[in-house]
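> take a look and give me a structure for this.
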Amino acid sequence: MEKSKITEGFVTFLKGLVMGTANVIPGVSGGTFAIILGILERIVDAIKSFNKTALELLIKRRFKDFAEHTDLAFLVQLFAGMGFAIFSLAKILEFLFEKYPEFVWAFFFGLILASVYYVGRRVSRWWFGTAAAFVIGAGIAVSISFLSPAVQNDSLPYVFLCGMLAISAMILPGISGSFILILLGNYELIVIDGIGNLRFEILIPFAAGCGIGLLAFSYLLSFLLKKFKDVTISALTGFILGSLLVIWPWKEEIHLRDGLGELILKDGEPVLERYARVLPDGFDGEVIGAIVLVLLGIALMWLAERNAHPADTAEGKES
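Numbering: from 1, shown residues only. So this is what the prediction gives:
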């Protein structure tokens, strides 16, 4: 029994590792992988259980009941995996994005492309309402992808707000918390500088915003999943499809310019306005390598889905 709990805890840690890795990449959502791994509803229910009942159990020092009520062991194992991935990958991703951006985007493009199918498969019945939700979700995600990033702002209230919005996106499939931080202008400040260099004056207000945002958003998402599950999942599938524009591997940076056409600089660097999606220039080794990585991302998502739901695979074979 104890051995099975250790195994379950390790598997939960690995799932957190996958979600944390996804959340660091702009355009990739940890919530997408939470659906694929079959744990989104458990995450949402566990988070929203931090309520009045949980507080009363703590005050009465009924710690065992508190842990059971909040599914605490699951959350600790999951967030430990996420935290390990986020803090260990910040510097690695900074290097990879600088040296091999097309390859990184291509790999995650494959992951997300495959996840559209696997998340959409969880809709039990497609009808007009779910189809409309899918189209609306895709349209919103596409619209978001064309928004221009804001200018970086390190004021504490704004960093707190970034935490609230980003954490909501981190558990919402199809919308990347990192991409939200890019739109808010604070991706580099929080992910690269704050996490990479352990700047606690940035991380503490950001974490506080994350905590409050996570609790508030979990109630909304739990309600939608319980009352309108098919419509919600189909809308999230549309979000995921629309987010593919964000992570299209071949893109060019468009920088802000003033009325005279001169580049606007911040700390000596041009300010990013948006990305322009382009087609690859020719069919060379780099393009072939990117296509291979797209296919690798699709294959890994297939393996993740197969291992997350082995019973479904077995039933499919029997039929």
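
> now do the strands in the stretch 201-319 of the chain.
251-255, 265-266, 269-270, 272-277 (DSSP state E, counting those that start in this stretch).

> hang on, I meant the stretch 1-150 of the chain
Remark: no strands are assigned in the stretch 1-150 of the chain by DSSP E, counting those that start in this stretch.

> so where is it shaky, pLDDT-wise?
1-3, 25-28, 90, 94, 148-150 (pLDDT under 70).

> if you set the cut-off to 80 instead, what comes out?
The stretch 1-150 of the chain contains residues with pLDDT under 80 at 1-6, 21-33, 35-38, 86-87, 89-98, 101, 144-150.

> and the helices in it?
Using DSSP state H, counting those that start in this stretch, the helices of the stretch 1-150 of the chain run over 2-24, 30-36, 40-48, 52-59, 63-69, 72-99, 101-120, 128-145.

> buried ones in the third one?
Yep, that's helix 40-48 we're talking about. Leu40, Arg42, Ile43, Val44, Asp45, Ala46, Ile47, Lys48 (16 or more other CB atoms under 10 Å). No exception for glycine: its C-beta is placed from N, CA and C like everyone else's.

> who's in contact with the second one?
Yep, that's Arg42 we're talking about. Asp71, Phe74 (CB atoms under 8 Å, 6 or more residues apart in numbering).

> now with 6 Å, please.
By CB atoms under 6 Å, 6 or more residues apart in numbering, Arg42 lies in contact with nothing.

> separation between it and Leu236?
Counting by CB to CB, to the nearest Å, the gap from Arg42 to Leu236 is 16 Å.

> just how off-centre is stretch 105-114 within its chain?
Between the centre of stretch 105-114 and the centre of its chain there are 13 Å (CA atoms, centre = their mean, to the nearest Å).

> what does stretch 209-226 rub up against?
Residues contacting stretch 209-226 (CB under 6 Å, 6+ apart): Glu41, Val44, Ile47, Lys48, Phe160, Gly163, Met164, Ile167, Ser168, Thr232.

> what is the nearest of those to Ile86?
Nearest to Ile86, judged by CB to CB, of the contacts of stretch 209-226 is Ile167 at 12.0 Å.

> what is the burial count for the closest one?
Applying other CB atoms under 10 Å, we find 26 residues neighbouring Ile167.

> residues in contact with it?
Cys210, Gly213, Leu214.

> quick one: least confident of these?
Minimum pLDDT for these is recorded at Leu214 (84).

> any idea how far Leu220 is from that one?
Counting by CB to CB - Leu214 and Leu220 are separated by 11 Å.

> higher neighbour count, these two?
Leu214 (20 against 13).

> how about JSON lines for the contacts of stretch 209-226, with distance to Arg121 added?
JSON lines is the format used below for those (distance: CB to CB, whole Å):
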{"residue": "Glu41", "distance to Arg121": "16"}
{"residue": "Val44", "distance to Arg121": "20"}
{"residue": "Ile47", "distance to Arg121": "25"}
{"residue": "Lys48", "distance to Arg121": "26"}
{"residue": "Phe160", "distance to Arg121": "38"}
{"residue": "Gly163", "distance to Arg121": "33"}
{"residue": "Met164", "distance to Arg121": "31"}
{"residue": "Ile167", "distance to Arg121": "27"}
{"residue": "Ser168", "distance to Arg121": "25"}
{"residue": "Thr232", "distance to Arg121": "15"}
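
> and these, which is closest to Leu72?
Of those, the one sitting nearest to Leu72 (CB to CB) turns out to be Ile47, at 11.1 Å.

> could you report the neighbour count for the closest residue to the closest one other than its chain neighbours?
Nearest non-adjacent residue to Ile47, counting by CB to CB, 6 or more residues apart in numbering: Ser218, 3.9 Å away. Neighbourhood size, Ser218 [other CB under 10 Å]: 21.

> one more: Arg306?
12.

> cool, Leu14 as well?
Neighbour tally, Leu14, other CB under 10 Å: 15.

> for it, give its distance to Thr21.
Taking CB to CB, one finds Leu14 at 11 Å from Thr21.

> what does Phe109 give?
For Phe109, the distance to Thr21 - CB to CB - is 15 Å.
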